[in-house]
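*Asks:* Sequence and predicted structure below; questions after.
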Amino acid sequence: MLKLIREVLKVGNATLPYPFEPIEQMPGFRGKPHHDPEMCIACAACAIACPPNALHITTDLDQGYQTWSLFMGRCIYCGRCEEVCPTGAITLSPDFELAVMNKQDLYEKADYKLAACRVCGTYFAPVKEIEYVTALLKQSDMSEETLKDTLTLLEICPECKRKNDVPKMVKLFQTEGSDAH
Ligand code: SF4
Ligand code: SF4
């Protein structure tokens, strides 16, 4: 018995005092995804990539907004959302604790306004996504003429582009725009 006690004292603590003290995470540890609603453009890339469908995008075409949501109860910490996010709005954090008193606390949501098509008025894409693409296009080395046409196209929904003579529409809008100035 004394030999065993001596051995135990020699080895010291073999376990961590968690949860009474926080656990230090190793570099590269994959914990709960952290979502920054300001950086998010509601592009839905993360929702498409998420293997267990923990991420969802729902669209309300009547009210004109899109809702991004994460249900932590389904997340497997795989990091696919972080890999595909174009803006860095979702990143895996060192936090891993999931215990909650209310299941609703495992949900995270954010709403984003949709832009209405310039032709038919139907809501079709998140305003923030259009602004993001506009900023990227402006940084590209496109000619001024092509940039103008492309930016006008961003204001038209896919259905109207399919149904109409797109170059004619673009020219018409640009003429209207310059007349208004
Ligand atoms: S870490 Fe994986 S499972 Fe969790 S939200 Fe991101 S993509 Fe989905
Ligand atoms: S991929 Fe990034 S920007 Fe796109 S919806 Fe997900 S969190 Fe938002």
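*Replies:* Happy to help now that I have it. Ligands and ions are numbered 1, 2, ... in the order given.
*Asks:* does residue 114 count as helix, strand or coil?
*Replies:* Applying DSSP: H, G, I helix; E, B strand; the rest coil to residue 114 yields a three-state assignment of strand.
*Asks:* who touches the residue lying closest to it once chain neighbours are set aside in this structure?
*Replies:* Of all residues beyond its chain neighbours, the one nearest residue 114 is residue 123 (3.8 Å), with distances taken as CB to CB, 6 or more residues apart in numbering. Using the backbone N, CA and C atoms, a C-beta is placed for each residue, glycine as well. Going by CB atoms under 8 Å, 6 or more residues apart in numbering, residue 123 touches 59, 61, 64, 114-117.
*Asks:* Now a ChimeraX select for only the buried ones of these.
*Replies:* This is the ChimeraX syntax for the buried subset of the contacts of residue 123, where burial follows 16 or more other CB atoms under 10 Å:
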select :59,114,115,116,117
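*Asks:* Which residues of the protein lie near ligand 2?
*Replies:* Within the chain, the positions lying close to ligand 2 (CB under 6 Å from any ligand atom) are 35, 40-46, 68, 84-85, 87, 89-90.
*Asks:* Please verify my assumption that residue 87 contacts residue 37.
*Replies:* No - Residue 87 is beyond contact range of residue 37, at 11.3 Å (criterion: CB atoms under 8 Å).
*Asks:* how close does the spatially most central residue of the chain get to ligand 1?
*Replies:* Nearest to the mean C-alpha position of the chain, counting by CA atoms, centre = their mean, stands residue 40 at 4.8 Å. Using CB to the nearest ligand atom, to the nearest Å, we find residue 40 at a distance of 13 Å from ligand 1.
*Asks:* go on, residue 79?
*Replies:* Going from residue 79 to ligand 1 by CB to the nearest ligand atom gives 5 Å.
*Asks:* mind listing what that residue touches?
*Replies:* So residue 79 contacts 30, 92 (CB under 8 Å, 6+ apart).
*Asks:* Please report phi then psi for it.
*Replies:* Backbone torsions of residue 79, given as degrees, to the nearest 10, read phi 80, psi 10.
*Asks:* quick one, what contacts residue 75?
*Replies:* Applying CB under 8 Å, 6+ apart, the residues near residue 75 are 32-33, 52, 54.
*Asks:* tally of neighbours for residue 55?
*Replies:* The local packing of residue 55 (other CB atoms under 10 Å) involves 24 other residues.
*Asks:* That one and residue 45 touch, don't they?
*Replies:* No - if you go by CB under 8 Å, residue 55 and residue 45 don't touch, sitting 9.7 Å apart.
*Asks:* Show me what counts as buried in stretch 151-161.
*Replies:* So for stretch 151-161, counting by 16+ other CB under 10 Å, buried means 151-152, 155-157, 160.
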